[in-house]
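> A predicted structure for the sequence below; I have some questions about it.
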Amino acid sequence: MQTLFLIAGLLLSGAGLGQDPVSSAKTEAESPSKTKTGTPWNGKYFPNVELTNHRGEKVRFFDDLIEGKKVMINFIYTTCADTCPLETARLTEVAEILGDRIGDDIFFYSITIDPDHDTPQVLAEYRERFGVGPGWDFLTGDQEDILLLRKKLGLYISEEDKVDTDHNVNLLLGNQTTGQWMRRTPFDNPYALAAQIGSRLGDYRQARIGTADFENAPISLPSLSIAESLFSSRCAVCHRIGVGDGRVRIGPNLLDVTNRREKAWIRRWLLEPDVVLAEGDPIAVGLRAAYNDVPMPNLGLSKNEAAMLVEFLETEGRRVAKVEGNEVLNELKDKPPLECCKKDELGTIDGSSQGSADEQDGSASAAGNESADHAPTETESRSLTFWLGSALAAAAMLLQLTKKKI
């Protein structure tokens, strides 16, 4: 019986070895050839077409832009009245989080799909309006070459029965050296996008952060109202209400906006800003001129969504005004946080740490042991007590403010 099984196994293996060589060769020919690093996504796959950047310099897509680099690639056009301004604004946040790494080991490329209009000069002006820094190039080229790139990068949608300016608003993050590529929405959390390209695409250069544990995670996330979700996903890219996170936005601060503008005007502005601008509305024209000529995009809101947003701006504005006007909270805001309470978002994209994963684990373990053996001094105990008391007082005050009818 064992002999029969052995013979059957040999016959099966022989059948595998005797497969059609033509079919095998065809499969290999159709697959992208691999480089020395093992990635098939090389110059034989990516079109090495010529493009022109916003400085007027001629570059080759593969040789000059992506070979051996970590990149973000998206497609835009400067006359876009809806998603492109939002996309560019969101990516300026990502670039700000990545800091000096943009242009060093990470490169951003925005390629126009309207090369007839978007000359290098037009792209340079568009780039300047959004405050884009070094390491992020805006590019134009031949229409057929750009279409080929969109198809090869998986960022093309069939344009049958569509206008030429319809386009896929996703972006591509990639590490050409390792062959890792992923398509993402530009409207994701900017810290998530920064961490994705800054640390998770192949090299994991950042130090491992061990200050959080799944056991301490909340059972459920707080539920957001429809209006709050709309503001967070569509408006907060360009606007804030009050001080907020302190970041400079490309649009006006919306604190107290419902007292400064008529609500009917705000609702219409949210619904059809492009139409309001085309009509020459003096407020709309003035806002565009005051904010680097960046137009308010048409977000495609329904009348109900616009009404909910106006109500949210009013109630949230009153809440923020009360919180920011509270003297106790303002005093706490200016004090430095304890080491245990500092935000770690920037740590996820800092490429300064070069240690291996094992070394990082060892360092974390050693740090943990040292912390466990170290008895807090009297000064540290008093400081911790003060901060805990202050935090509890602030939380109680915020709870009272939230419960009050604003």
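Okay, I see it. It should be emphasised that the depicted structure is a prediction, and the values quoted were computed from it without experimental measurement.

> and the helices in the stretch 51-200 of the chain?
83-98, 120-129, 143-152, 190-195 (DSSP state H, counting those that start in this stretch).

> dump those helices to TSV, plus mean neighbour count.
Every residue, glycine included, has its C-beta placed from N, CA and C. Listed next are the helices of the stretch 51-200 of the chain as TSV, based on neighbours: other CB atoms under 10 Å:
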stretch	mean neighbour count
helix 83-98	22
helix 120-129	17
helix 143-152	16
helix 190-195	20
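
> which of the ones you listed sits closest to Pro273?
helix 83-98 (10.5 Å; CB to CB).

> which strands or helices does that closest one pack on?
strand 70-76, strand 106-112, helix 190-195 (3 or more CB pairs under 8 Å, 6 or more residues apart in numbering; DSSP states H and E).

> Throw these into a markdown table and include mean pLDDT and distance to Gly43, thanks.
Putting the helices and strands packed on helix 83-98 into a markdown table (pLDDT from 0 to 100; distance: least, CB to CB, whole Å) gives the following:
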| stretch | mean pLDDT | distance to Gly43 |
| --- | --- | --- |
| strand 70-76 | 95 | 15 |
| strand 106-112 | 96 | 17 |
| helix 190-195 | 88 | 27 |
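
> quick check: which of those is buried the most?
For the helices and strands packed on helix 83-98, ranked by mean neighbour count under the definition mean count of other CB atoms under 10 Å, the leader is strand 106-112 at a mean of 24.

> and the contacts of that strand?
By CB atoms under 8 Å, 6 or more residues apart in numbering, the list of residues contacting strand 106-112 from outside reads 51, 65-66, 69-78, 88, 91, 95, 98, 102, 118, 123, 135-141, 146, 149, 197-198.

> same check on stretch 281-295?
Here stretch 281-295 has contacts from 81, 85, 89, 128-131, 238, 250-252, 261, 265, 269, 273-274, 276-277, 296, using CB under 8 Å, 6+ apart.

> show the average pLDDT along it.
When pLDDT is averaged over stretch 281-295, the result is 87.

> can you give me the end-to-end span of it?
13 Å (CA to CA, to the nearest Å).

> so, low pLDDT: which residues of this protein?
Where the chain drops to pLDDT under 70, the residues are 1-41, 159-167, 202-222, 244-248, 325-406.

> can you give me the helices in the stretch 201-350 of the chain?
Using DSSP H, counting those that start in this stretch, helices in the stretch 201-350 of the chain cover 226-230, 257-260, 263-271, 273-278, 282-290, 303-324, 327-333.

> pipe those helices into TSV and attach distance to Tyr191 and mean neighbour count per row.
Shown next, in TSV, are these (distance: least, CB to CB, whole Å; neighbours: other CB atoms under 10 Å):
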stretch	distance to Tyr191	mean neighbour count
helix 226-230	18	16
helix 257-260	27	14
helix 263-271	27	17
helix 273-278	28	16
helix 282-290	29	13
helix 303-324	22	17
helix 327-333	21	12
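
> in JSON lines, list the ones you listed along with distance to Lys44.
Formatted as JSON lines, the helices of the stretch 201-350 of the chain follow (distance: least, CB to CB, whole Å):
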{"stretch": "helix 226-230", "distance to Lys44": "44"}
{"stretch": "helix 257-260", "distance to Lys44": "54"}
{"stretch": "helix 263-271", "distance to Lys44": "48"}
{"stretch": "helix 273-278", "distance to Lys44": "43"}
{"stretch": "helix 282-290", "distance to Lys44": "46"}
{"stretch": "helix 303-324", "distance to Lys44": "47"}
{"stretch": "helix 327-333", "distance to Lys44": "56"}
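
> ok, residues contacting stretch 181-192?
41, 74, 86-87, 90-91, 93-94, 97, 154-155, 169-175, 193, 196, 201, 233-234, 237, 345, 348-349.

> domain ranges for this protein?
50-200, 226-324 (automatic domain parsing).

> can you pull out the strands in the stretch 101-250 of the chain?
106-112, 136-141, 171-175, 180-184 (DSSP state E, counting those that start in this stretch).

> mind putting those in a markdown table, distance to Val320 included?
Converted to a markdown table, the strands of the stretch 101-250 of the chain look like this (distance: least, CB to CB, whole Å):
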| stretch | distance to Val320 |
| --- | --- |
| strand 106-112 | 32 |
| strand 136-141 | 32 |
| strand 171-175 | 32 |
| strand 180-184 | 31 |
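
> can you pull the contacts of Asp145?
Contacts of Asp145 (CB under 8 Å, 6+ apart): 47, 49-51.

> dump those residues to CSV, plus neighbour count and secondary structure.
Below are the contacts of Asp145 laid out as CSV (neighbours: other CB atoms under 10 Å; DSSP: H, G, I helix; E, B strand; the rest coil):
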residue, neighbour count, secondary structure
Pro47, 16, coil
Val49, 17, coil
Glu50, 13, strand
Leu51, 23, strand
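
> out of the residues you listed, flag the one nearest to Lys58.
Using CB to CB, those come closest to Lys58 at Glu50, 5.9 Å.

> disregarding residues adjacent in the polypeptide, which is nearest to Leu139?
In space, and not counting its chain neighbours, Leu139 is closest to Leu51: 4.4 Å by CB to CB, 6 or more residues apart in numbering.
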